[in-house]
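> what's the 3D shape of this:
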Amino acid sequence: MATSSLSFVSSSAFAAAPRLSRLAIALIAGGIGLQAAAQSDPANKPASTSTALPSVVIKGASEAPVALSGFGDTPVAKLPMQAAIIGSEQLIDRGLNQLSGLALLEASVGDSYNSPGYVSYLKIRGYDLDNRFNYRRDGLPINAETALPLANKSSIEVLKGTSGIQAGTSAPGGLVNLVVKRPTVELTSLSLGVSERGTVESSMDWSHRFSDGRGNDKAFGLRVNLNAAHLDPQARDAKGSRWMIAVAGDWRLTPDTLVEAEVELNRQSQPSQPGFSLLGSVLPDAHDIDPRTNLNNQRWSRPVVFEGQTASVRVQHRLDADWTLQAHAALQRLTTDDRLAYPFGCGKEDNYSAYCSDGTFDQYDFRSDNESRRSAALDLSAQGRLRTGGLTHALTTGVLFSRFKSRLQGQAYNGVGPGRIDGSIQNDPSPELLATNTNRDERSTELYLRDAVQLTERWQAWLGLRHTRLHRDSRLVNAAPGEDAPTGYSQSVTTPWLGLSFAIDPQLLAYASWGEGVESDVVPNRPEYLNKGQALPAMRSKQWEIGLKSGSRTVDWSVNYFDISKPAWRDVEGDDQGNLLRRLDGTQDHRGLEAQADLKWQGGGVQASAMKLRARRHGSEDAALNGQRPTNVPETVLKLQARQQLGLPGLELQAGVVHEGRRMVLPDNSLSIGGWTRLDLGARFEQNVGRQMLIWRVGVDNVADRRAWRESPYQYDHVYLYPLAGRTWRASLEWLL
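Next comes the predicted model:
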């Protein structure tokens, strides 16, 4: 696992270090230079010569607001919904630098086709998230069909459950929001990390505030984040690189007006790792598979390259003590070169859902270069309080405009010969761009209203309503003349949400909520579909939830039960010529019990979460599908992170445990992979050096070198199997100037 924290490392790791030595030196020198420049400002000289570090107040998670909730600064413990906030420090301690790492921390979050070196795909409450519609950045929609950097993110928010109150269209599992680091108190942090087999990473985080020359010495703020890595993970033939530059600034224009702006540039280049599969109808034993084997190991294999440019501006103006106006705009530009020596199916056995019984497979040269995706969003809102009829309302209303455009070229998807699961067969490339691709244009306008009504001292009602008007077009590229198969449709949908909470005491809350979400899709415009190009009816999911929450400075806990019903679609035979009809067919229903706890004591704490999920298919015209479990969804999940300081001042030991139950491999539930448990260990040592601090981190992931199938995604009617990564050492040093 590539990591941003330093690990015990083999000699091969040090062999890679010179490749980034100049970059590491530049980051360190730059950080020292910025620190020196900031300290040279007379307005920022310390008032005393004390060497003591400033005190830090640690607040419980229950006191933190969730921006993604849409209810302003309301703390997590007071909301009639379930959400989690994962801070950057927690990610660093666990050595996580990809969104897929969330699957190690939250029981409700799981893997959903997480290929190393590729896009992160997640599921929440058993439903796959849609990377086009279920991700946010500071609350605005973004496209997550890329490698999203985390080095400049202060936290990641996970909202669990149907999200129609916050998103016009999205999958029903929930939303993920990336919160950007903004200027804060004076800060200079430099870090260097390594992990076996040779990943080397360095980063800088610098923040400072400046005078406006008019007596306000904190009017301007600037924060700079730099990150670069040479990637050499455990998987063979997967070396790559990654870098990111991010700058965020703010300006207190007047006491009532705040202007914030930021820009982020990033690039990742790394070969991805395809999944394994069934061998005919047989599930291979994970103990017989080397998890370091990369089937993308042809001489002509090229890296997947993700490039991203993102910028945003936010203006907040306080009208009076009760009302605030906000305008928030963002642009995102993504460019991708998607390449893979792609193993898929077994033609000689006429089985395209698995590999061949003898361990071979059909291999394809897949290339889709210069994929361009552009997103834009503008949110205009007003937030405030008013009293009517003796009731207090906390209102938010606004409009969100969003646009998306993808421009792709022809792609290669050409058979090159057989491969073998030990990676021993080499084939010749076939890069001709013979296959079609799809360009897309989307635009939507979302009007929304949210209201938190204080009914009595203990009772509170929560109301939400979002009306969405959308239009989507698509067209094939690289098609024969006259066969570009254009599609286009428009829909208008309204999604309500209701909640009711009762404060049993100041720290204990009971709640119930109900809401709807919507997915919108179109039948592929391919010849085999009789209804090709037609929009499916809006797929309206529904959720209700009840729960208890408690929050204090020593313990946060919650327990809740949810019930989500989502329409399902299926391809059925449309005529006796083998043509298909795609239509809605029954529902996929998920019911579950979640429990979370964050216990804190002097010198330590435990964060634990668990989910028991019953996911089933109902109402299908094919009776054989009814009552079946969806593939790649565990019914039992437990995740725990513990920390404890020892007698040596500044030393903290850490442990992480992940347990996931059995997952179905095939839709008919005739085959499954077993559950597994993984143990991670780490240590953190804080060392004061004058007014500075050194933070040493070491860790080992998958301590027992457990062998198991981590997940079993079923896509394109094909079974994939991904193994647990082997034992991985990591270490890092962070220098706080």
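> how about low-confidence regions in the protein?
Along the chain, segments meeting pLDDT under 70 span 1-63, 215.
> neighbours around Ser552, how many?
Look at Ser552: counted by other Cβ atoms under 10 Å, it has 15 neighbours. For glycine as for every other residue, the C-beta is placed from the backbone atoms N, C-alpha and C.
> contacting residues around the residue nearest to it when sequence neighbours are not counted?
Nearest residue to Ser552 in three dimensions, chain neighbours excluded: Gln507, at 5.2 Å (Cβ to Cβ, 6 or more residues apart in numbering). Going by Cβ atoms under 8 Å, 6 or more residues apart in numbering, Gln507 touches 77, 550-552.
> wait, which of the residues you listed is closest to Gln326?
Among those, Ala77 lies closest to Gln326 (Cβ to Cβ), at 24.9 Å.
> Tell me what the closest residue to the closest one other than its chain neighbours is bridged to.
The shortest distance from Ala77 to any non-neighbouring residue, by Cβ to Cβ, 6+ apart, is to Gly551 (3.0 Å). Taking DSSP bridges as the rule, Gly551 bridges to Asp556.
> is it true that Gly551 touches Pro75?
Yes: when contacts are counted by Cβ atoms under 8 Å, Gly551 is listed as touching Pro75 (6.9 Å).
> What distance do you get for Asn143 to Ser372?
Applying Cβ to Cβ, to the nearest Å, the value for Asn143 to Ser372 is 11 Å.
> Next, the contact list for Asn152, please.
Listed by Cβ under 8 Å, 6+ apart, the contact set of Asn152 reads 180-181, 205, 225, 227, 244, 246, 248, 264.
> Go again with 6 Å.
Asn152 makes contact with 181, 225, 246, according to Cβ atoms under 6 Å, 6 or more residues apart in numbering.
> ok so, going back, mind checking which of Gly551 and Pro75 has more residues around it?
Between Gly551 and Pro75, counted using other Cβ under 10 Å, the more crowded position is Gly551 (23 against 19).
> What separation is there between that one and Gln507?
Per Cβ to Cβ, Gly551 is found 6 Å from Gln507.
> for Trp300, same thing?
As judged by Cβ to Cβ, Trp300 and Gln507 stand 61 Å apart.
> now do Val477
Val477 is 58 Å from Gln507, by Cβ to Cβ.
> And the residue lying closest to Asn669 once chain neighbours are set aside, which helix or strand is it part of?
Spatial nearest neighbour of Asn669, chain neighbours left out: Gln628 (5.0 Å); criterion: Cβ to Cβ, 6+ apart. Using DSSP states H and E, Gln628 falls within no helix or strand.
> OK, contacts around Arg367?
339, 412, 431 are the contacts of Arg367 under Cβ under 6 Å, 6+ apart.
> The first one belongs to a strand?
Yes: in this structure, Arg339 lies within a strand as judged by DSSP: H, G, I helix; E, B strand; the rest coil.
> since we're on Val689, how many residues are nearby?
Val689 has 10 neighbouring residues, counting by other Cβ under 10 Å.
> Quick check: bridge partners of it?
Per DSSP bridges, residues listed as beta-bridge partners of Val689: Gln692.
> Please enumerate the helices of this structure.
In the chain, the helices defined using DSSP state H lie at 11-16, 21-40, 88-93.
> ok, now which ones touch the residue nearest the centre of the chain?
The centroid of the chain falls nearest to Leu99 when counting by Cα atoms, centre = their mean (4.0 Å). Going by Cβ under 6 Å, 6+ apart, Leu99 touches 120, 148.
> try 7 Å
120, 122, 148 (Cβ atoms under 7 Å, 6 or more residues apart in numbering).
> Likewise for His393?
Neighbouring residues of His393 by Cβ under 7 Å, 6+ apart: 385-386, 451, 453.
> before we move on, what about Ala623?
By Cβ under 7 Å, 6+ apart, Ala623 lies in contact with nothing.
> how close does it sit to Gln363?
The gap separating Ala623 from Gln363 is 38 Å, by Cβ to Cβ.
> hey, where'd the strands end up in the stretch 351-500 of the chain?
In the stretch 351-500 of the chain, the strands defined using DSSP state E, counting those that start in this stretch lie at 360-388, 391-407, 412-420, 437-454, 459-477, 487-505.
> quick one, which of those is nearest to Leu279?
strand 360-388 (9.2 Å).
> Between strand 412-420 and the closest one, find me the angle.
Angle between the axes of strand 360-388 and strand 412-420 is 120 degrees (criterion: axes from the mean of the first three to the mean of the last three Cα atoms, to 10 degrees).
> what pairs with strand 360-388, and is each one parallel or antiparallel?
strand 323-343 (antiparallel), strand 391-407 (antiparallel), strand 412-420 (antiparallel).
> okay, the contacts of Arg367 in JSON lines with neighbour count and distance to Gln602 next?
Formatted as JSON lines, those follow (neighbours: other Cβ atoms under 10 Å; distance: Cβ to Cβ, whole Å):
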{"residue": "Arg339", "neighbour count": "23", "distance to Gln602": "52"}
{"residue": "Ala412", "neighbour count": "19", "distance to Gln602": "60"}
{"residue": "Pro431", "neighbour count": "15", "distance to Gln602": "62"}
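> between these, which is closest to Pro634?
The nearest member of the contacts of Arg367 to Pro634, counting by Cβ to Cβ, is Arg339 at 31.5 Å.
> Beta-bridge partners for the closest one, please?
Beta-bridge pairing of Arg339 under DSSP bridges involves Arg367.
> Please shift the residue numbers so they start at 18 in all later answers.
I'll keep to 18 as the first residue from here, and by that count the last item is Arg356.
> Can you give me the separation between it and Leu204?
39 Å.
> so how far is Ser392 from the residue nearest to Arg391 when sequence neighbours are not counted?
Excluding the flanking residues, the one nearest Arg391 by Cβ to Cβ, 6+ apart is Lys422, at 4.7 Å. Distance, Lys422 to Ser392, using Cβ to Cβ: 8 Å.
> who has more neighbours, these two?
Using other Cβ under 10 Å, the more surrounded residue of Lys422 and Ser392 is Ser392, with 22 against 15.
> Pretty sure that one sits against Thr163.
No: using Cβ atoms under 7 Å as the test, Ser392 is too far from Thr163 to be in contact (10.7 Å).
> which residues are common contacts for those two?
Contacts common to Ser392 and Thr163, judged by Cβ under 7 Å, 6+ apart, are absent.
> that older thread, okay, the contacts of His410 in TSV with neighbour count next?
Output for the contacts of His410, formatted as TSV (neighbours: other Cβ atoms under 10 Å):
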residue	neighbour count
Arg402	14
Leu403	12
Asp468	17
Val470	16
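> about what we covered before: neighbour count: Asn160 and Ser389, which is higher?
Neighbours per residue, other Cβ under 10 Å: of Asn160 and Ser389, the larger number sits with Asn160, 20 against 14.
> so who does the more buried one touch?
149, 349, 351, 390, 392, 421.
> try it again with 10 Å
Each residue near Asn160 by Cβ atoms under 10 Å, 6 or more residues apart in numbering is listed here: 148-150, 152, 154, 325, 349-351, 390-392, 421, 423.
> I'd like to know how many residues surround His345.
Neighbours of His345 (other Cβ under 10 Å): 20.
> isn't it right next to Val416, touching?
No: counting by Cβ atoms under 10 Å, His345 does not reach Val416; the two are 11.6 Å apart.
> what residues do the two have in common as contacts?
Listed as contacting both His345 and Val416 by Cβ under 10 Å, 6+ apart are 395-398.
> Now that we have the contacts of Asn160, can you turn them into TSV and tack on distance to Asp538?
Shown next, in TSV, are the contacts of Asn160 (distance: Cβ to Cβ, whole Å):
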residue	distance to Asp538
Asn148	14
Arg149	11
Phe150	11
Tyr152	18
Arg154	24
Gly325	26
Gln349	22
Arg350	25
Leu351	22
Arg390	18
Arg391	21
Ser392	19
Phe421	15
Ser423	16
